[in-house]
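Visitor: okay, sequence plus prediction incoming.
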Amino acid sequence: MSPQDFFPAAAEWVGRLDDVFPGVWIKPYFAQWEVGHLLSMALLGGASILLNLRLIGYGLTDDPPSVVRRQVLPWLNLGVIGILFTGVLIGTSNPERLFTSEAFTAKMLGLAAALVLTYGVALPAAREDGRIRPMTAAFAALGLGLFGLALGVFATAQLVNPGLWHVVTAMGLMVLFVTRGLTRIVYGAGLAVLIASQLAVTQLLIPADDYARLDPTHKGFFLAFAAWILGAAAVQIISAGRGSAGGWAVKAMAYATLLVWVTTAAAGRWIAFA
Ligand code: HEM
């Protein structure tokens, strides 16, 4: 499901985009603009991590979420504006690749979900120090729906879906970072067992060229990792209690908001591999 499947009539217009301003100007400096794209991502990613970790109950816990929100908001906005601006420009200089890319569809759905979850849920919840108003809940439902669509397109896009390992890895590290005490030890041990088993089965037991067995085995491990990590996140969310940043729903939405940006970035990277 690439953009050309949805908008076939736009093919001719898209094909000419890199012959006219601004695409034709950007093209010789694609790499430089892409650096701007990635720096913007670092900025918005850092701001989003500080804000959402605070909602989860980790990081800048000396300040209430509303104060953390006020401090990170300008940087978050700058990162979002920067990534959209540079993204559109590099997009116009390389339009046909995006038009035929399923990863790009996943990325745009992820971006829509990320904007809804960030501006409609995480920021308002932080402003209210963890209180969720009915409007915020409505945005949460919309954002999660879009996130589900993005994951669905990512998971079914051939040659692109291995990019979902970035998403599961990011979630795995986030949970390792946030959990404490016995939960962290049990969770870390479970991860180590899964990693060792995957290496043993896919590197030692199954021959390297036996894709008919390797593919489903890797997919099975992917599901096992996802279940283990989500289970540990659920334990962390419930055992953390209400805390100073709201209850389980706010914490779960903060995890989702962080993860949706990772999904968008991973899909962005996998445009190149399709
Ligand atoms: C209007 C929105 C956006 C547009 C039009 C856009 C467009 C692009 C384009 C054209 C590329 C180069 C793809 C290639 O030729 O390989 C790219 C790469 C990338 N984008 Fe975006 N992007 C947008 C938003 C975002 C956002 C919100 C993120 C992160 C959250 C992001 C993260 C990335 C990453 C990680 C890469 C890969 C860079 C690399 O090759 O190493 N983009 N994007």
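Guide: Sure thing, it's come through. Numbers count the residues shown, from 1 in each chain.
Visitor: hey, which helix is longest across the protein?
Guide: Counting by DSSP state H, the longest helix found in the chain is helix 211-240.
Visitor: helices or strands next to the next helix-or-strand element following that helix in the packing?
Guide: Toward the C-terminal end, the helix or strand that comes next after helix 211-240 (DSSP states H and E) is helix 248-270. Contact partners of helix 248-270 among helices and strands, from 3 or more C-beta pairs under 8 Å, 6 or more residues apart in numbering; DSSP states H and E: helix 30-56, helix 102-115, helix 123-127, helix 134-156, helix 164-178, helix 211-240. (Glycine included, C-beta is placed from N, CA and C.)
Visitor: what parts of the chain come near the ligand?
Guide: Within the chain, the residues that sit near the ligand (C-beta under 6 Å from any ligand atom) are 34, 37-38, 41, 83-84, 87-88, 90-91, 94, 97-98, 111, 261, 264-265, 268-269, 271-272.
Visitor: among those, name the buried ones.
Guide: Buried residues within the residues of the chain next to the ligand, counting neighbours by 16 or more other C-beta atoms under 10 Å: 34, 37, 41, 83, 87, 90-91, 94, 98, 111, 261, 264-265, 268, 271.
Visitor: and which of those residues is nearest to residue 18?
Guide: Nearest to residue 18 among those is residue 94, at 6.8 Å by C-beta to C-beta.
Visitor: list the contacts for that closest one?
Guide: Counting by C-beta atoms under 8 Å, 6 or more residues apart in numbering, residue 94 makes contact with 18, 23, 27, 30.
Visitor: 7 Å instead?
Guide: When the contact criterion is C-beta atoms under 7 Å, 6 or more residues apart in numbering, the partners of residue 94 are 18, 30.
Visitor: before we move on, what about residue 178?
Guide: By C-beta under 7 Å, 6+ apart, the contact list for residue 178 reads 56, 58, 236.
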